[in-house]
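[1] Please work out how this folds:
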Amino acid sequence: MWLFTKYGFYSIVKDSNSAHYKCRARRKKDLVNLISNFKYLSEYEIHCDKKADYHYRIFISQNHFSMLMLSISNTVDYSNFKDSISKNKDQVNKVDHYSEVWETMYSYQIKNT
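    The predicted structure follows:
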């Protein structure tokens, strides 16, 4: 699952080697943002693997994964995501990239409706 949030961009998948979920990020700061904003994640260490697709990750329990989804949903306080990101000094450098994703999916919609 991809999550584009005001705290950062994440890919969350089930870990094939454990009962945990991998919450992965392209930027360490995005995981730091999650951990600082959702204190129940403070027990998790950020792992770095420069050979992996996503260099940074935390391994979270099923319970914390569920809590995180609810917590993030409760932080949506904007009517336009890209506009909110453009006003967030920590995330503004992602606006062009998010716009590219938007354009790609818009193109998909036009071609498939």
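
[2] residue ranges of the helices in the protein, please?
    With DSSP state H as the criterion, the chain has helices at 28-37, 62-73, 81-86, 95-111.

[3] For Leu3, find the nearest of those.
    When the helices of the chain are compared by C-beta to C-beta, helix 62-73 sits nearest Leu3, at 6.9 Å. The way it works is simple: take the backbone N, C-alpha and C, and place the C-beta from them, glycine included.

[4] Flag the shaky bits of this structure, pLDDT-wise.
    Residues of the chain meeting the criterion pLDDT under 70: none.

[5] can you list the domains in it?
    Annotated domains of the chain cover 1-77, 79-113 [automatic domain parsing].

[6] now do the same end-to-end measure for the shortest one.
    In this case it means domain 79-113. Across its full length, domain 79-113 reaches 25 Å end to end, with C-alpha to C-alpha, to the nearest Å as the criterion.

[7] Stretch 15-25 now?
    Note: stretch 15-25 ends 15 Å apart using C-alpha to C-alpha.

[8] how about it: buried residues?
    His20, Tyr21, Lys22, Cys23, Arg24, Ala25 (16 or more other C-beta atoms under 10 Å).

[9] do stretch 30-37 as well
    Using 16+ other C-beta under 10 Å as the test for burial, stretch 30-37 gives Asp30, Leu31, Val32, Asn33, Leu34, Ile35.

[10] could you dump it to CSV, C-alpha only?
    The C-alpha trace of stretch 30-37 is given here as CSV (Å, rounded to 0.1, in the frame of the first residue of the first chain):
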residue,chain,number,x,y,z
ASP,A,30,9.5,10.7,6.7
LEU,A,31,9.8,7.8,9.2
VAL,A,32,11.1,10.2,11.9
ASN,A,33,8.0,12.3,11.3
LEU,A,34,5.7,9.2,11.8
ILE,A,35,7.5,8.2,15.0
SER,A,36,7.4,11.8,16.4
ASN,A,37,3.7,12.3,15.6
